[in-house]
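Engineer: Structure here, sequence nowhere to be found:
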């Protein structure tokens, strides 16, 4: 059995769905951020798989994956700083208890 | 043959590690499981003959982002409380399963224009050419640099003690 494009796409779809479930079902803000990183990784697998199997000579997908990694690094830094700032104010990072803006 | 075996091992371990991120009670163990998942993704890049990206994945994700996440877990003392589920657990599960089903059906039924050419290897020089070369993504590289600088400044300002 030859490993093709669809194997990688289905694997990344599974990883993305696990991350989606975690983002929707968890209350700990750090876990939610970790699940977002998982989803970004799944998207990167998709980009690299398309680059490898559809346009093997151009590497466009790998360039986009590098930019996704850059944005993910920035997002992780700012997101964790926001979580630390919230924790300093609330002594808690349970996202269901942080509801100051809820009327 | 080795390619097939390595793909299936990587896929199985990666899915188990990703499930560990959402199912493990202990936040610290979930973070370690996430790091294992990052390593597995780097291995998948190697099987896709993306050698430079595999190195970047290990440097940025396994080296930097996982340290940030573990630092945030240590600073917030949430390890004892664990990772409780919200009251949307069952709807979230249904949404994730439906989304996965739609994605898989679409992926299987789409005729992808797969090329039969061998992949470029090694990719580092080719990637540098397409990033910095003529008609490349130089403007995006500059914007990424500005984005990283502003993200660093924003993180410092947000996390600073008042």
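Structural biologist: The structure has been received and is ready for your questions. A quick note: this is a predicted structure, and the numbers were derived from the prediction, not measured. Numbering: from 1, shown residues only, chains lettered A, B, ... in the order given.
Engineer: continuing past the helix or strand that contains residue A:37, what's the next helix or strand?
Structural biologist: Following DSSP states H and E, one finds residue A:37 within helix A:29-53. Once helix A:29-53 ends, the next helix or strand along the chain (criterion: DSSP H and E) is helix A:60-90.
Engineer: Name the residues of that next one that are buried.
Structural biologist: A:61-67, A:69-70, A:72-87 (16 or more other C-beta atoms under 10 Å in any protein chain shown). No exception for glycine: its C-beta is placed from N, CA and C like everyone else's.
Engineer: Among those, which ones lie close to chain B?
Structural biologist: A:62-63, A:65-67, A:69-70, A:72-78, A:80-85, A:87 (C-beta under 8 Å from any C-beta of the partner chain).
Engineer: on that earlier part again, just the buried residues of the helix holding residue A:37, please?
Structural biologist: A:29-53.
Engineer: try stretch B:66-86
Structural biologist: Using 16+ other C-beta under 10 Å as the test for burial, stretch B:66-86 gives B:66, B:68-70, B:72-73, B:75-76, B:78-79, B:82-83, B:85-86.
Engineer: With stretch B:42-55 instead?
Structural biologist: Burial within stretch B:42-55, assessed by neighbour count using 16+ other C-beta under 10 Å, is assigned to B:42-45, B:47-50, B:52-54.
Engineer: Would it count as contacting chain A?
Structural biologist: Yes - Stretch B:42-55 reaches chain A (C-beta under 8 Å from any C-beta) through B:44-45, B:47-50, B:52-53.
Engineer: Dump the residues you listed to TSV, plus secondary structure, distance to residue A:2 and pLDDT.
Structural biologist: Shown next, in TSV, are the residues of stretch B:42-55 next to chain A (DSSP: H, G, I helix; E, B strand; the rest coil; distance: C-beta to C-beta, whole Å; pLDDT from 0 to 100):
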residue	secondary structure	distance to residue A:2	pLDDT
B:44	helix	16	94
B:45	helix	19	93
B:47	helix	13	92
B:48	coil	14	90
B:49	coil	15	89
B:50	coil	19	89
B:52	helix	25	92
B:53	helix	22	93
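Engineer: Give me the angle between the least confident helix or strand in chain A by mean pLDDT and helix A:29-53.
Structural biologist: Ranking every helix and strand in chain A by mean pLDDT, DSSP states H and E puts helix A:60-90 at the bottom, with a mean of 91. Orientation check (axes from the mean of the first three to the mean of the last three C-alpha atoms, to 10 degrees): helix A:60-90 against helix A:29-53 gives 180 degrees.
Engineer: how much distance is there from helix A:60-90 to the middle of the chain?
Structural biologist: 9 Å (C-alpha atoms, centre = their mean, to the nearest Å).
Engineer: so what does it touch, helix or strand wise?
Structural biologist: Judged by 3 or more C-beta pairs under 8 Å, 6 or more residues apart in numbering or on different chains; DSSP states H and E, helix A:60-90 is in contact with helix A:29-53, helix B:51-57, helix B:66-76, helix B:124-132, helix B:138-159.
Engineer: Quick one: closest of those to residue B:23.
Structural biologist: Taking C-beta to C-beta, helix A:29-53 is the member of these nearest to residue B:23, at 10.8 Å.
Engineer: Would the closest one count as contacting chain B?
Structural biologist: Yes - shown here: helix A:29-53 in contact with chain B (C-beta under 8 Å from any C-beta) through A:30-31, A:33-35, A:37-38, A:41, A:44-45, A:48-49, A:51-53.
Engineer: I'd like the mean pLDDT over that helix, please.
Structural biologist: Computed over helix A:29-53, the mean pLDDT rounds to 93.
Engineer: Same question for stretch B:153-162.
Structural biologist: Stretch B:153-162 comes out at a mean pLDDT of 86.
Engineer: swap in stretch B:74-88?
Structural biologist: pLDDT averaged over stretch B:74-88 gives 74.
Engineer: contacts for it?
Structural biologist: A:24-28, A:30-31, A:83-84, A:87, A:93-96, B:24-28, B:30, B:73, B:92 (C-beta atoms under 8 Å, 6 or more residues apart in numbering or on different chains).
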